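# sequence first, then the predicted structure, then my questions.
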Amino acid sequence: MQVLIVAGVGGSGDGHWQTWLEQQLSAINPSAVSRVIQEWHRPIFRVWRDQVIAALTAIEDQVLLVAHSFGCLVSAGVLLAAPELHHKIAGVLMVAPANPQRFSRDGLQGMCQYGEEDLIETLNHPLPSNLPIMLWASQNDPWLSLAQAKYWAKTWGADLHNLGDVGHVNIASGFGAWPTVLTQVRMWPVPFFVMHRRKRQQPRKTDSSILPPTG
């Protein structure tokens, strides 16, 4: 299985958990992980989606998409637009999706500007029920409320896990080296948090065992 990193706006640079994950997997097997390169500050949905589709088409192995923020929306768009590729997708791990209402089909709307041409209509459909899809959300994510995360998890048929008060799960909230996500990728498609007997239905404080190490 190959891992395809689908980053969000800005590209998940040095110090981001996606880059750390890519480095960890590459150290084990350089051919087992790759990243889709985009124009990181021009989040044009259809362009990013088509780039991921092209990357998937070129990969011969089964592929696990590991997505963050806007990359989660792009990954959902790939599943909806390219059913011919479903047979080679091992699943999708979505971490801290962005709010589709903050983007038009042609770019970023702005933090509080909800445009008429947003992505709701494009993405508001179930994803393939035969593919394992996990959505890890935050209780205090400035880019997507937990209630909205629950809505999209239900719409897409994703297994939702609440990580707690961890912001946007990015560099700013301290997510660089993150062993939990590496373990999840290695044990895919068995859900890490189900194995650890977490009850998704009950709100809780952040579980310190899933936080990245501090220094």
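Good, I have the coordinates.
# would you mind finding the longest helix in the chain?
helix 45-58 (DSSP state H).
# next helix or strand past that helix?
Going down the chain from helix 45-58, the next helix or strand is strand 63-69, by DSSP states H and E.
# can you name the residues in contact with that following strand?
Residues outside strand 63-69 that contact it (C-beta atoms under 8 Å, 6 or more residues apart in numbering): 1-9, 12, 16-18, 21, 52, 56, 74-75, 78, 88-98, 143, 168-170, 181, 185, 188. (Glycine included, C-beta is placed from N, CA and C.)
# again, but for stretch 183-191
1, 3, 21, 25, 64, 66, 90-91, 93, 132, 134, 159, 161, 192, 195.
# in strands only, show me those.
Counted as lying in strands by DSSP state E, out of the contacts of stretch 183-191, are 3, 64, 66, 90-91, 93, 134, 159, 161.
# any idea which element residue 143 lies in?
Using DSSP H and E, no helix or strand contains residue 143.
# contacts only, for the closest residue to residue 91 other than its chain neighbours.
Spatial nearest neighbour of residue 91, excluding adjacent residues (C-beta to C-beta, 6 or more residues apart in numbering): residue 132 at 3.9 Å. Neighbouring residues of residue 132 by C-beta under 8 Å, 6+ apart: 90-92, 159, 188-189.
# which of the residues you listed sit farthest apart?
90 and 159 (14.6 Å; C-beta to C-beta).
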